[in-house]
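Quick one: sequence plus predicted model below, questions after.
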Number of protein chains: 2
Amino acid sequence: MPRDLIDLLWRDHPAAPARGQRGPRARVTTGSVVEAAVALADRDGLATLTIRRLAEELGVSTMSVYTHVNSRDDLLVLMVDAVHAGMERPSYGQGGWRRRVRSVAEANLAHLGAHPWLLDVTDQRSALGPGTIAKYDAELAALYPLGLDDVTRDAALTFVLDFVRASARALRPDPRAGELAEHWPTWSVRLAAYLGGDFPLARRVGAAAGAAMDAAHDAGMAWEFGLARVLDALSALAPQQPGGITDG
Amino acid sequence: MPRDLIDLLWRDHPAAPARGQRGPRARVTTGSVVEAAVALADRDGLATLTIRRLAEELGVSTMSVYTHVNSRDDLLVLMVDAVHAGMERPSYGQGGWRRRVRSVAEANLAHLGAHPWLLDVTDQRSALGPGTIAKYDAELAALYPLGLDDVTRDAALTFVLDFVRASARALRPDPRAGELAEHWPTWSVRLAAYLGGDFPLARRVGAAAGAAMDAAHDAGMAWEFGLARVLDALSALAPQQPGGITDG
DNA sequence: TTGTACGCCGTACAACGTACACTGTTATGA
DNA sequence: TCATAACAGTGTACGTTGTACGGCGTACAA
């Protein structure tokens, strides 16, 4: 156990406990371990991100990884915070609240598209890291023109980000899509036989499942639809919106 | 490989391929395997649902499970469809669309509360099963009074269900909460030191994280807030709503 | 009676996270 | 200068996972 997770999260902060000076110089650091792990996860996903592969990528032995990171679970938290810290923050400066909310949503969608494995990490401890806190802070600020109290603004942000997360999940290419496509010629006819006349809407289900290529398209439609609904929903909270007609 | 997943999903359908009559009588069936797996997952979650534990629960050897189920991944799909089939369907008969949408949302929230492991299964192949299709069909029907075209109605349902899923995830007790509470006395003071004067809104983050007991309360507030927003959002789609004043 | 399809099971393997004991290296205190 | 303590890095090993494979016995079909 090198250092507590909280100190590893804030390792770049001046007040963070420094490493001792004794012993051989470290060939890798917590930062470089996390960086390499993010690169691997971006490329191949979380399932194939093993400590052994990570160590090989870094050119050290498997167990050396544990000198810089306490456990795989902790590593995931550090990865989440790292990419949150590196997330580009669009300037929410000009424009009405609709444009600001749309900016937040689109930035998060792009972010989740660049790091799809974020959807697989549910560890709440990421909220303790500087990157995640900074992101939260900036996004709360973006929602400021809505004129809501603190609690409501937080709920509104959660509402928006949860929608984005669900959309990103729908847009993500299913790793099992190939396997399904392989069986589809056989399965589709059997499914049709099972369905028969039941479930009036099922034919559309079958069509949607069959055209796996259309999944991304459908999700894209759902994104546009949902984002418009989110903005509608928030507009009910913001009675007088300066410039509300021209923006959004 | 006993039977294809598609045939296992529809195993109760008359057209499903029957088991051969030869050999010893099966001591367990696909149905009982899935039932036992659901019971285990309801009690202890997905992480501890192993084939070995499941076999022990069923009173057969580990490998016998594979006589009735192709793989653990397939088993998860069968479990999802099984609980979807068993989900109680509130009668959407009376009431305006607001009450209907609220019914759908609340039924799904209760369902995800009863089977929290559903949040951990993302396999899209569940959509091929009779239980999932029936659920989809019934919920689309519930949204009928909104007066939307098919594509929009599907998008609206997705919008509602994605919100419910995110809320259920927030309401779910974090299995790591105990571990965090253990470290919190030390971590909270260090986090306060790191934060210093930065991140004006961070103090609230710290307070929220510290009061882990309030997480459920906050999520409950977010549920009420979000559901109201969802209904607001959909109301913009339904211009003339019969009885729209009294319901919802 | 014989063949065959089938349920069931024991063994084995590769891969995983990681505990533990150890070696070698460097700055520090005497 | 030298002993010591702190530190990075490593090899081995353990428990656990999903599941491939082959064999065994059972019950129906021919």
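Now that the structure is in, tell me what you want to look at.

I'd like the next helix or strand past the helix or strand of chain A with the lowest mean pLDDT.
Of all helical and strand segments in chain A, the minimum by mean pLDDT, DSSP states H and E falls on helix A:202-210, at a mean of 52. Next along the chain after helix A:202-210, taking DSSP states H and E as the criterion, comes helix A:214-235.

where does the residue lying farthest from the centre of chain A fall, phi/psi-wise?
Distance from the centre of chain A peaks at residue A:197, with 40.5 Å (Cα atoms, centre = their mean). When read as degrees, to the nearest 10, the backbone of residue A:197 gives phi -100, psi 0.

gap between it and chain B?
Residue A:197 sits at a distance of 12 Å from chain B (criterion: Cβ to the nearest Cβ, to the nearest Å). Every C-beta, even on glycine, is put in place using the N, C-alpha and C of the backbone.

how close does that residue get to residue A:235?
In this view, residue A:197 and residue A:235 are 43 Å apart by Cβ to Cβ, to the nearest Å.

Number of residues surrounding the residue of chain A found nearest DNA strand D?
The nearest approach of chain A to DNA strand D comes at residue A:20, 2.3 Å away (Cβ to the nearest atom of the strand). Residue A:20: 6 surrounding residues under other Cβ atoms under 10 Å in any protein chain shown.

Contacts only, for it.
For residue A:20, the contact set (Cβ atoms under 8 Å, 6 or more residues apart in numbering or on different chains) is empty.

how's chain A carved up into domains?
A:5-84, A:86-172+A:220-244, A:177-217 (automatic domain parsing).

Among these, which comes closest to DNA strand C?
Once the domains of chain A are compared by Cβ to the nearest atom of the strand, domain A:5-84 is nearest, at 3.5 Å.

Ends of that closest one, what's the gap?
16 Å (Cα to Cα, to the nearest Å).

Quick check: mean pLDDT of that domain?
On average, the pLDDT along domain A:5-84 is 97.

now check it, is it near DNA strand C?
Yes: on the criterion Cβ under 7 Å from any atom of the strand, domain A:5-84 is in touch with DNA strand C at A:21-25, A:48-53, A:62-63, A:66, A:71-73.

Show me which of those residues are buried.
Neighbour-count burial (16 or more other Cβ atoms under 10 Å in any protein chain shown) applied to the residues of domain A:5-84 next to DNA strand C gives A:49, A:51, A:66.

Pick out whichever of those residues sits closest to residue B:110.
Distance to residue B:110, by Cβ to Cβ, is smallest for residue A:49 among those, at 35.3 Å.

Tell me the secondary structure at that closest one.
Following DSSP: H, G, I helix; E, B strand; the rest coil, the label given to residue A:49 is coil.

Is it correct that it is in contact with residue A:39?
No: under the criterion of Cβ atoms under 8 Å, residue A:49 makes no contact with residue A:39, lying 10.0 Å away.

how about residue A:69, phi and psi?
phi -150, psi 140.

Which residues are in contact with it?
So residue A:69 contacts A:2, A:8, A:30, A:33-34, A:75, A:78 (Cβ under 8 Å, 6+ apart).

try residue A:168
Contacts of residue A:168 (Cβ under 8 Å, 6+ apart): A:108-109, A:112-113, A:116, A:119.

Ok, residue A:198 next?
Neighbours of residue A:198 in contact, by Cβ under 8 Å, 6+ apart: none.

tell me which element it is part of?
Applying DSSP H and E, one finds residue A:198 in no helix or strand.

Over to residue A:163?
helix A:150-171.

Model confidence score at the residue farthest from the centre of chain A, please.
On the pLDDT scale, residue A:197 gets 80.

Same question for residue A:238.
75.

thought it was touching residue A:147?
Yes: Residue A:238 is within contact range of residue A:147, at 6.1 Å (criterion: Cβ under 8 Å).

tell me the phi and psi of residue A:148?
Taking degrees, to the nearest 10 as the convention, residue A:148 sits at phi -110, psi 160.

can I assume it is in contact with residue A:156?
Yes: using Cβ under 8 Å, residue A:148 is in contact with residue A:156, at 6.2 Å.

more crowded one of the two?
Legend: neighbour count by other Cβ under 10 Å for residue A:148 and residue A:156, higher for residue A:156 (24 against 18).

so how far is residue B:136 from that one?
29 Å.
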